[in-house]
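>>> would you be able to build a 3D model of this:
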Amino acid sequence: MSADPALVPEEVLDLARSARRVLVLTGAGASAESGVPTFRDAVTGLWSRFDPMQLATPEAWAADPAMCWAWYGWRAHLIRIAEPNPGHRAITTWQQRPGVDLRVSTQNIDDLHERAGTEVMAHVHGNLFDLWCADCEAPSAAEFPPVPEPVERIDPPRCEACGGWVRPGIVWFGEMLPEAELEATVTAAERAELVVVVGTSGMVYPAAAVPGIARDLGTPVVEVNPAGSTLPDGADHVIAAPAGEALPDLVGNL
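Numbers count the residues shown, from 1 in each chain. As a prediction, this is how the structure comes out:
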C-alpha cells in the first residue's frame, strides 16, 4: 500500500517508523466514523427535547434513574450495532508490530477499540458497559437490555451486593475523572517518542493538555482531524483527513 504524500507526509511516516514508544489519544471523531453519534448528535427523536446535560449528571440520575437508564440503554444499542472502522483496526495493527510499545488512551465510552483487538490502557471518561452500583460502588454483572427504539423510561437493574440502582460506567459532568487512567495517560505521554491525537476536539482534558506535556519535552505530536488542528498547544504535524483514511495509510507504510 502506498500512502498519498498529501495525506500522510513523509516526515510523519519517518517519525512513526522510528518510534518505539507511542501514545495514541482518541476522541469522538474516531467512533463517529463507525456510525456512533457524538454525545450531542445522539439527542434526536424522543430525546430531542432534552439537553444532554440533563441526562449526564449525578443530579439527573438522582432525580430520575429510569429516564437516564433508558437514554444510556439507547446509546448502548447504537454502539452494539456499530462496527470498528479501518482507523480502529489500523491502531490494532500498529500496536501488534514487533518492538512497538503503543499505548491507547481514549475519551470514548464505547468498546470499539477492544472489539478491533486493541488493548486500551485508559478510558478516561469511563466505559459505558462497565456497570457499577450507584450506592455501594460494587462492580455489576448486569447488562443493558436491548433498546432498538428509544423509550423514555426503563428501570435500572439492582445491585447484586446491596440492592441499589446499577448505573452506567461513565464519568458524568461534575464527577472526577479516574485518577489511575489520567496518571497512566500522563506517564505514557512523558515516556513516548511519538504522540498521535485522533478525532478529538482538543477542548476536553486530557486531549487538551497531554499533547502539550509531550511537546514541552520535545516529543513530536501528530494530529489526525478532518477539521485541522484544534489542540490548544498545536501539533507538529496535522493530517486533515478522517482517521479511517489516514491511519491505514500511515500504518500500511511502516
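>>> only C-alpha atoms for contact and neighbour calcs from this point on.
Will do.
>>> strands along the stretch 1-150 of the chain, start to end?
If you assign secondary structure with DSSP state E, counting those that start in this stretch, the strands in the stretch 1-150 of the chain sit at 21-26, 101-106, 122-123, 132-133.
>>> next up, phi/psi of residue 170, please.
Backbone geometry at residue 170, expressed as degrees, to the nearest 10, gives phi -120, psi 170.
>>> and it, what does it touch?
By Cα atoms under 8 Å, 6 or more residues apart in numbering, residue 170 lies in contact with 109, 125-128, 130.
>>> now for those residues, which pair is the farthest apart?
Comparing all pairs in the contacts of residue 170 by Cα to Cα, the longest separation belongs to 125 and 130, at 11.5 Å.
>>> so these two - more neighbours on which side?
A count of neighbours by other Cα atoms under 10 Å puts residue 125 above the other of residue 125 and residue 130, at 24 against 16.
>>> break this structure into its domains for me.
According to the domain assignment given by automatic domain parsing, the chain is divided into the following structural domains: 1-36+84-128+177-254, 39-81+132-167.
>>> and those as a markdown table, adding mean pLDDT?
Shown next, in a markdown table, are these (pLDDT from 0 to 100):
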| stretch | mean pLDDT |
| --- | --- |
| domain 1-36+84-128+177-254 | 91 |
| domain 39-81+132-167 | 87 |
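>>> for those domains, which one ends up most surrounded?
Among those, domain 1-36+84-128+177-254 has the highest mean neighbour count (mean count of other Cα atoms under 10 Å), at a mean of 19.
>>> relative to residue 209, which of the contacts of residue 170 is nearest.
Minimum distance to residue 209 across the contacts of residue 170 is 15.1 Å, recorded for residue 125 (Cα to Cα).
>>> wait, doesn't that closest one sit right on residue 175?
No - at 9.9 Å, residue 125 does not count as touching residue 175 under the criterion of Cα atoms under 8 Å.
>>> am I right that residue 248 is in a helix?
Yes - Residue 248 sits within a helix when classified using DSSP: H, G, I helix; E, B strand; the rest coil.
>>> any idea how far it is from residue 20?
When distance is defined by Cα to Cα, to the nearest Å, residue 248 is 18 Å away from residue 20.
>>> now do residue 141
When distances are taken as Cα to Cα, residue 141 and residue 20 turn out to be 37 Å apart.
>>> what do you get for residue 195?
Relative to residue 20, residue 195 is positioned 11 Å away (criterion: Cα to Cα).
>>> residue 80 too?
Residue 80 sits at a distance of 33 Å from residue 20 (criterion: Cα to Cα).
>>> now do the contacts for residue 85.
By Cα under 8 Å, 6+ apart, the contact set of residue 85 is 31, 33-34, 244.
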